[in-house]
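> pasting the sequence and the predicted model now:
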Amino acid sequence: MNNRKFKFLSILFTLAVMLLAACSGNNNSAEPETGTKADEETKDAGVVNLYTSRHYETDDALFEQFTEETGIKVNVVKGEEDELMERLTREGEATEADVFYTADAGRLHWAKEKGLLQSIESETLEANVPENYRDIDNEWFGLTKRARVIVYAKDRVTPEDLSTYEALTEEQWKGKVLIRSSENIYNQSLVASFISLNGADAAKEWAQGIVNNMARDPEGGDRDQAKAIAAGEGDVAVMNTYYFGQMLNSEDAEEVKVAEQLGVFFPNQETNGTHVNVSGAGVTKHAKNKENAIKFLEFLSSEEAQGQFSEANYEYPVNPNVEPSELLASWGDFKAQDLNMSELGKYNADALKLMNEVEWK
Amino acid sequence: MKAIRFFRLHLNVWSIMSIIFTLLIISPTLSIFIQIFEKPNENWYHIQEFLLKNYIQNTLVIVFFTGFFSVMIGVSLAWLVTAYRFPLRNFFKWGLILPLAIPPYIGAYTYHGILNYTGVVQATLRNQFDIKANHAYFDIMNIPGAIFIFTIFLYPYVYIITRAYLEQQSASLVENARLLGSGPVQLFFRVIMPISRTAIVGGVSLVVLEVLNDYGVVSYFGIQVFTTAIFQAWFGMSDVASAIKLAGILMAIVFAILFLEKVLRGRKKYSYSNAKVRPLEPISLSREKTAVLFVYTALIFTIGFVIPFVQLFQWMLLTFEKVASEEFLTLIFNSVYVSLIAASLIMVIALVIGNFTRLSDGAWAKAVSRITVLGYSIPGAVIAIGVLTFFLWIDRQLKGVYHAMGIEAPIILSLSIIMLLFAYVSRFLAIGFNPIDSGFDKIGRSFTEASRLLGIPLTRTFFKVDLPMIRGAVFGGFTLAFIEVMKELPLTLLLQPFNFYTLATKAFQYANDERIYEAALASMLIILISGVSIFIFHKVLEKENR
């Protein structure tokens, strides 16, 4: 019996030791972040601490390259954009994060509105990132673009049948339009862009028209919309170029087959342009490593990094000096919405509400 | 005088520890609860008008049917495995728990991957047989599909707890019923179901809570449920206050139901007061009946484990060279490490609180035990905010201490793994607590009382008498908690320290980006490690019973 008690206590003890090890282990890794070690090793160029909602190997490779070139270590927390923003908000002045990096302009705008970011001065960034893809006050900078295009069944639809997003609400597309749910952030920013360009009433009318023409209740992700075309459930889908690139290069031969049956169409070329959204980043208000953070952003906007976004991750570069990759170029040049990206954040909540009102599931 | 007696009777190391643990655990939840009373803003009216009605309806439908089917499958399997002999019975005993190793959202991705247009089923029909079947037949991205996914990956909760109960509890009742001429169907519905009520409720409440807090499956399928409203408020309208308010309401409802159940069950006790527990001896059936039995069991096992496993394995091979790296060693280590620590902490706390509730008669002790499951009823991301707020507060209080220690950084704890471990414990306590609770329920108080009468102190009685008797439940709870932490995603995503990744977050990084093939390797590792822990649990239990 004493033996048993001894066992129990020893388990407790081991636990306590493991716990202690866990915290001391973490303290070690936390130290360089606080900069205490920087004095000991003069060669250490310090760190930059990053909160990101992008989860791509391309990004990881770029971070490594940045460390190699500058000696600055990149510490990363990968999460979901809104959750990371909440974490930043609650951490307030105490935060260790220097850069907030996310895949939606609307979120960047919100981060600015919530006072999470700060204005920075960098000639490099201003040269590399065109004006409409960055914040007016330079609190955040777009780094890559994605176009939300119309994808169509090559055997049933010709590009001549297509013209604008608005045209998808016409009678001829009844029961043929595929698009995912209103919960999806890319759809929210699409509708937000319409509110900004055409006004709330027109945007609501458009959403209603899309709901009326849907081939089925929205389900699945962007890729699932493409597959539903191949399956014959509908003829046209609204989806991101990024996912289409992914499908064309998929390991699964069936997915490639599906993508090959489809064509990419950039809508609204004659009118106000195709909807684009950006991934971007900003320096946090209470950044402890501001200089490193700026260097980091400058690196990501450089021609070298921009090329990789395009080659390996099927995203359009924002840097005008960088040509899109061969695949992206093969879909053709296009005119994008002439819109400051902040507008997307400004109208995001309104967009969601009006989609709820027209019962866009 | 009375007060002094009260304290002398009730104040001991168990009650004090119980109160401390409970306070710690509810502190993050409490901050969410309080939000119910916040004034509603304009978004709130929008949510009420356009979202809640349909969403609540969908939620109720999914919860009801998932609960119903889980009980049917879980209890029937538990009964068949306990009472009858059939081929591979020993394997199925633990094999039927394996679907629990697959996180439901991974299961959802996998089944959709199998059934969609480019999936193996339709592709084979199309390419080999030239059949172009209606795409809609294979569509599982709807409410019935979600019920299917939840049921098939969560029924083991009911199975595992019910089986443990039946194995030890039912022998005399079953034999009497048989002697009195009960047929098997009558026996199942009139004896097995009623006597396993505590166990079933324990199991099914875990299933229901898990369905309620899920966001992965429903958002992928595009089904709108209560959690959708929470995340629409948060992600779509950037209105965290409304999101937390919604979560608070959900929690209040769940608490009310659980509390009611405990009150309704009242003082009915199903514990044995016989020192010799005789396990039920399985009997043999006719050949036809055995075959039916085997097919049913094998079918559930195949759907719940074999099919998704094989599919994930194939995807893993497809992407192995692209995805695999040394990083996975770290991921495995991280996952196992945090799961082990968290599960151990959970069991210690569950034992303390469980023992305390059992020995107290007061209603408030029962309330304490119900509070422990609160954290499990709402989405992890919301709990995570509560935990984060709590730890940032502690960090602020400790500022002076940090300064004295020569640490300049303002936040230490809330950037450390301790915060994450705390979050795991407060969320999954219910998982470890339920088996303990029903374990204690089973042995009752008579042995403890006898020991106390013989003059042995409370704590010594616990180690000498109580703990050995519920060892099986402790291992069971540990294993469940271990698997849950292993699979955990939302808490880890929000509370992870810098550069800290687990297998679950790795799988998410791909799956979130619709790259389910690349997610297969991490998913497979989660399933394998959880599977091994289930196997070990089974072996330990077998040794115990011998």
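Structure received.

> and the pLDDT for residue B:227?
The predicted structure scores residue B:227 at 88 on the pLDDT scale.

> for residue B:23, same thing?
Residue B:23 is given a pLDDT of 83.

> same question, the one 10 residues further on
Residue B:33 carries a pLDDT score of 76 in this model.

> just give me the neighbour total for it.
Residues lying near residue B:33 (other Cβ atoms under 10 Å in any protein chain shown) number 19. For the C-beta atoms, the positions are set from N, CA and C on the backbone; glycine is no exception.

> host element of it?
Per DSSP states H and E: residue B:33 is located in helix B:13-33.

> mind listing what's buried along that helix?
Within helix B:13-33, the residues that qualify as buried by neighbour count (16 or more other Cβ atoms under 10 Å in any protein chain shown) are B:14-15, B:17-18, B:21-22, B:25-29, B:31-33.

> okay if I get the residues you listed as a markdown table plus distance to chain A?
Conversion of the buried residues of helix B:13-33 to a markdown table gives the following (distance: Cβ to the nearest Cβ, whole Å):
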| residue | distance to chain A |
| --- | --- |
| B:14 | 14 |
| B:15 | 19 |
| B:17 | 12 |
| B:18 | 17 |
| B:21 | 14 |
| B:22 | 19 |
| B:25 | 17 |
| B:26 | 19 |
| B:27 | 15 |
| B:28 | 12 |
| B:29 | 16 |
| B:31 | 11 |
| B:32 | 13 |
| B:33 | 18 |
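
> residue B:431: what's it in contact with?
By Cβ atoms under 8 Å, 6 or more residues apart in numbering or on different chains, the contact list for residue B:431 reads B:206, B:346, B:376, B:477, B:480, B:481, B:484.

> what's the closest of the residues you listed to residue B:104?
Top of the list for closeness to residue B:104, among the contacts of residue B:431 and by Cβ to Cβ, is residue B:484 at 11.8 Å.

> tell me how far that closest one lies from chain A.
18 Å (Cβ to the nearest Cβ, to the nearest Å).

> and the stretch 251-361 of chain A, which of its residues are near chain B?
Residues of the stretch 251-361 of chain A found near chain B (Cβ under 8 Å from any Cβ of the partner chain) are A:251-252, A:254-255, A:257-258, A:348-349, A:352-353, A:356-357, A:361.

> in ChimeraX, how would I select just the buried ones from those residues?
The ChimeraX selection below is limited to those of these classed as buried (16+ other Cβ under 10 Å):
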select /A:252,254,255,257,258,348,349,352,353,356,361
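
> dump the residues of the stretch 251-361 of chain A next to chain B to JSON lines, plus pLDDT and secondary structure.
Output for these, formatted as JSON lines (pLDDT from 0 to 100; DSSP: H, G, I helix; E, B strand; the rest coil):
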{"residue": "A:251", "pLDDT": "83", "secondary structure": "coil"}
{"residue": "A:252", "pLDDT": "84", "secondary structure": "coil"}
{"residue": "A:254", "pLDDT": "86", "secondary structure": "helix"}
{"residue": "A:255", "pLDDT": "88", "secondary structure": "helix"}
{"residue": "A:257", "pLDDT": "89", "secondary structure": "helix"}
{"residue": "A:258", "pLDDT": "89", "secondary structure": "helix"}
{"residue": "A:348", "pLDDT": "89", "secondary structure": "helix"}
{"residue": "A:349", "pLDDT": "88", "secondary structure": "helix"}
{"residue": "A:352", "pLDDT": "89", "secondary structure": "helix"}
{"residue": "A:353", "pLDDT": "89", "secondary structure": "helix"}
{"residue": "A:356", "pLDDT": "88", "secondary structure": "helix"}
{"residue": "A:357", "pLDDT": "90", "secondary structure": "helix"}
{"residue": "A:361", "pLDDT": "85", "secondary structure": "coil"}
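
> can you name the two of the residues of the stretch 251-361 of chain A next to chain B that are farthest apart?
The largest distance within these, taken as Cβ to Cβ, falls between A:251 and A:357 and amounts to 41.1 Å.
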